[in-house]
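Engineer: Need a 3D model of the sequence below.
(3 chains)
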Amino acid sequence: MVDINYAAPDTLDKAVALLARTGGAKVFAGGTDVIVQLHADLIEPELLVDIKNIPEVRSIAAEKGGFRVGAAMPAMKILDHKAFATAWPGVIEGVALIGSVQVKGRATIGGNLCNASPAADSVPALIAAGAVCTIVGPNGRREAPVETIVTGPGKTSLAKGEIIASFFFPARAPHSGDCYLRLTPRTEMDIAVVGVGVSLTLDGSGTCTAARVALGAVAPTPLLVAAAGAALVGTKVDAAALAKMAAAASAACRPISDKRGTKEYRIKTAAVIARRTAEKALERARAN
Amino acid sequence: MAKKAHVTLTVNGDEYEALVDPGQTLVDALRNELQLTGTKEGCSTGDCGACSIRLDGELVCSCLVLAIEADGRRIDTIEGMANGETLHPLQRNFLELNGLQCGICTPGILIAAKALLERNPDPTETEVRYWLAGNLCRCTGYDKVIRSVLAAAAEMRRA
Amino acid sequence: MASILEKSGFNPDKKLKIVGTNPVKHDGPDKVTGRAKFGADLMLPGMLFGKVLRSPHPHANIRSIDTSAAEKVPGVRAVVTRADFPELPFGTGPGDLSRNIMAREKALYDGHAVAAVAATSEAIAKKALKLIKVDYEVLPHVIDVRDAMKAGAPVLHPTLRTKGVEGAADKQTNVVERLVLAVGDIDKGFAEADVVIERTFDSQPMHQGYIEPQGCVANWTDDGQVDLWCTTQGTHVFRDRLGEILKMESAKIRVTQSEMGGGFGGKTGFYAEPLAVVLSKKARRPVKIVLTRSEVFRGTGPVSGTHYRVKMGCTKDGRITAADAELLFQTGAFTGSMYFNAPQAMFTRYALKNIRTVSYEVVSNRPKVNSFRAPCVPQIVFGVEQIINELAEKIGIDPIDIRLKNAMKQGDTTIYGQTFGPIGFVETLEASKKCDHYRSPVPKGQGRGVAAGFWFNRGGDTTGSLTVTPDGSVTLMLGTSDVAGSRLSISMMAAEELGVPLDKVRAILADTSSIGNNRVTAGSRTTFSSGMVIIDSARKVIKELCRRAAIIWKVPEDGVVFEDGFCKPASSNVGEFAPLSIAEIAAKTSVSHGAISGHSEMNVTGEGPGFGLHIVDVEVDKETGRVDIKRYTVIEDAGKAIHPLQVEGQYQGGAIQGVGWALNEEYVYGADGRLQNPGFLDYRMPVASDVPMVDTVIVEVPNPNHPYGLRGVGEVPVVPTMAAIANAIHAAAGIWPDSLPMSPPKVLDWIEAAQKR
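Structural biologist: Residues are numbered from 1 along each chain as shown, chains lettered A, B, ... in the order given. Next up is the predicted model:
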């Protein structure tokens, strides 16, 4: 923790250049994970590249009927954005659980994703929402779905020098709803034992036309469970469909036993939380 | 060893200058460089809230901010909460309703509660409890903490 | 020395002006403005920063420690290891203490201190730690008590022999002691029972969880004296123990207490403080050490985890006929759990004729345990009070009624031989039945539990002094610590005695060189004991005030009486004199006859036992095992609440600590013997949104041994909590929990097991 340097560039290009040039450089946004890791000697970066002075990563705006959210927007600012909160209540639920108000004053969804914890609370909701990352790096810009970013605990698919600049949330179809629920021993200040994000769309008759189900904390990475979504599509999201979806969610789990929960407990409760999340998303879809 | 950086911090309206390590946290700088020890450090991981401060108005844990990031920015700590000899209604209600026992979590809770009441002058008990979930208190069981915040809010609405 | 009781005793008819009110505490304003100084808040000129190197191994011989590279780092002023501490024999108090604060032959747990560095900055000290080379011979370790008792288990201390077992003298063991405490004949008792229940239970160690980590500044002067500033529950005990482990006279050590940011028993023992002292000696500069949260969890003492079996029987009409228990206590790497409290207290509140308990204290590769509110009792009451509810359920009577039926009363004798004076258990139970919570229906989908608890309350070695200043205001010197407002409560009693407004009284927490000995602030003894010596001091002052008034009036001493803050002629025969206030007497005589002050040193006795009952409503999520606390009421006898808001605060705070112990708090060890959750993220103490308001009923059955009738109130509030919650979970989900914490995975397992049956 002693020998580090700090830079706060004001453009993405400068940030990318610093990251690409310096051996042990690390992107520094909200800092709520990086500072903890720094002081626990878990990481020893030579350079922290603070991206908070870059306007592009610190904005939230309507785009093509959807929203573009800067990757380094503090969680509290996202929660306070009324139009976004109305469109994506499930994403808001995930973001709201990232930590205390104090932590959310700093923490960002870009950081929550790139810290690459399987239990990150905003990530299953982002995946369910179909959010797409805009990534800037030494070779220019590219886009990638959120579910492709985390490749293992603490590991991402980002190349050296790459930064996630923003997330694009597509326009919402009518009768759509999303939700994120998690299971933790406490009400707050906890890491998910199981987290589930669900986003679904109904047609005029109430039949599900699209559904995405994502799980957190039950595998080395957050999971997009296609079979769980498929179990809902074409149904009225009745009890039988929900049970099938929950079973698919449970079947996708590849958890470990650790201080936060046993393998068996996670598998069992993933089904329960998946069902409850889908029920809430359904309720929202019907109300929209 | 990396060179220390010069920072200018505006704390409770007063300007301070300090030399800080790039990896040094703001709570460390406040306490050890500026000798403002009202901000407490209970965990250094953002889990207890004892180091709560305002950074450009935003409620944050000062253990999760680098001092170098705060260069040129406005910081509000517990030392600036009272107006001269006049305590803030939150401070007074905590005293009168026994909202503190040992007092170590109190500065952080007061700072957090003030931020809440600025956003929401009439919070419910549940809203206060969730807002303060990031501030651990081991003495009180929270009952009198919550009552003190609600009483201060009611008093401030009447004023 | 019960002088004060003989002289004036308790007067229930006395009209009180200050005692029983709720003034603001004098130390409060500085605590809401950030000016109060806690352990980490002292800065001294030239001060160095100390950091501690800790063993990553749960059990290892320390072959050698090479500090040479660390010593060469610019800015490093001292490095200390075991070589810097006098060698003291293992198995003695000082020998064990010395080995716990700095590993000697072996590292005995993950987090055991092996070296410390003082440097001009914390960053430099941390860097130097990494350069210390410790050659460890890693040994097999043992974490669980039952494993530690097995034949062939890794032995922590080769010379340890079990006390209380015949023929143990030649056997290596991890069992420190076997203790039998019994009364009557349990076989006869169980033969009389119509219903007998026997169950086994276990509990996890729980950390005190104070928000302020240990922090201290030590300064070894060139004259060979030690000045130690620290957060502590016992300045004098720190001084004396420090003297023992450093082989120096207590008079050369001055311990000054900071404000204390929570202790709950955990700051009765010291850890880094002696390291700071020895670093300061070597560096010849003041040294500050503040523990990190991770060090607090890995290196300081939680309360004992347990495994135990309890068997109880009762007749059809609810009379408990016998109780039998076998108790295993973790003590961590060294003895000191105070496990003997458990057999004494676990059944005490019920008048039982036949009890047998066998208790074991066992070492394993965990940090040495320390006190926590009612040490070693609540985790055992967890089982006892469940069995009482189960008995009540089996015979079909109300759970409070079965407790009333067996409740101890004045004149009953305990298993440890004390015959109770006036106690308030029956009154507490009756108040519980009458309270709104118990009378209101259980909301749909919830379950309600009750459980009762007892704590001895303590007295002990205490010193205090009271001085009237020349302007008539009053200063107090206390030698105990103020954990949550005792300074104010004691000031209130002094003001009441002297008939002066509370604002004319101020108390300080004196350092060890300024005041005589005081036992640790623990056992719910402080407001009681320090209050007693201050009342005694006040009464000495009153006697002196009367003597001074007699001098002023030129009348015999017995012609003066003291009432409501004034000296008055005892009768018109003495003469016509206008009453003299304390201020007037002080102004007239302080210079001519010396300061007016009183001091008192006592081994305070006469503490009044405390009893409480908790009522809790819970909701159990039967699909996930999560338990939500919906409503909570604490009913407890305070004797007399000196400051009712502070008494309520004790009830509420204790209950919510118990909620954490009940539902989530636990130590998680990996197969490598390392603690997996040394932080507040994964050591899950309750947060504000986890709990409801806690209603309180203060029962007041005065303790006649105290001038105002008070009993201690600090420990009882955590004693019944886990049992009450377990009983509520039973009511909500039909299961009998047998393990703490009752965390979601366990509760779900119990529910599923019950469904399969």
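Engineer: Count the residues that sit near residue C:476.
Structural biologist: Counted with other C-beta atoms under 10 Å in any protein chain shown, residues neighbouring residue C:476 total 24. C-beta: built from backbone N, CA, C; applies to glycine.
Engineer: For it, which non-adjacent residue is closest in space?
Structural biologist: Distances taken as C-beta to C-beta, 6 or more residues apart in numbering or on different chains place residue C:507 nearest to residue C:476, at 3.9 Å, with adjacent residues excluded.
Engineer: and that neighbour, that one's in a strand?
Structural biologist: Yes: under DSSP: H, G, I helix; E, B strand; the rest coil, residue C:507 sits within a strand.
Engineer: That one and residue C:477 touch, don't they?
Structural biologist: Yes: contact status for residue C:507 versus residue C:477: in contact at 7.5 Å, counting by C-beta atoms under 8 Å.
Engineer: higher neighbour count, those two?
Structural biologist: Shown here are residue C:507 and residue C:477; by other C-beta under 10 Å, residue C:507 has more neighbours (24 against 21).
Engineer: Spatially nearest residue to residue 178 (excluding sequence neighbours)?
Structural biologist: I went with chain A, as the question did not name one. residue A:90 (3.1 Å).
Engineer: my question was about chain C
Structural biologist: Residue C:178 sits nearest to residue C:164 (C-beta to C-beta, 6+ apart), 4.2 Å away.
Engineer: quick one: that neighbour from residue C:342, how far?
Structural biologist: 15 Å (C-beta to C-beta, to the nearest Å).
Engineer: What of residue A:17?
Structural biologist: Distance of residue A:17 to residue C:342, given as C-beta to C-beta: 66 Å.
Engineer: Those two: which is more packed in?
Structural biologist: Shown here are residue A:17 and residue C:342; by other C-beta under 10 Å, residue C:342 has more neighbours (28 against 15).
Engineer: and the helix or strand harbouring that one, what does it pack onto?
Structural biologist: When secondary structure is defined by DSSP states H and E, residue C:342 falls within helix C:341-345. For helix C:341-345, the packing partners by 3 or more C-beta pairs under 8 Å, 6 or more residues apart in numbering or on different chains; DSSP states H and E come out as strand C:175-183, strand C:320-330, strand C:355-362.
Engineer: buried residues in the longest one?
Structural biologist: When burial is assessed from 16 or more other C-beta atoms under 10 Å in any protein chain shown, strand C:320-330 yields the following buried residues: C:320-325, C:327-330.
Engineer: Tell me the one of these nearest residue A:269?
Structural biologist: When these are compared for distance to residue A:269 (C-beta to C-beta), residue C:330 wins out at 30.2 Å.
Engineer: Ramachandran coordinates for the closest residue to the closest one other than its chain neighbours?
Structural biologist: Nearest non-adjacent residue to residue C:330, counting by C-beta to C-beta, 6+ apart: residue C:305, 4.4 Å away. Main-chain torsions, residue C:305, degrees, to the nearest 10: phi -80, psi 160.
Engineer: cool, residue C:422 as well?
Structural biologist: Torsion angles, degrees, to the nearest 10, at residue C:422: phi -60, psi 120.
Engineer: How about the contacts made by it?
Structural biologist: C:410, C:608, C:701-704 (C-beta atoms under 8 Å, 6 or more residues apart in numbering or on different chains).
Engineer: likewise residue C:30?
Structural biologist: With C-beta under 8 Å, 6+ apart, residue C:30 has these contacts: residue C:36.
Engineer: wait, is it part of a strand?
Structural biologist: No: counting by three-state DSSP, one finds residue C:30 to be helix, located in no strand.
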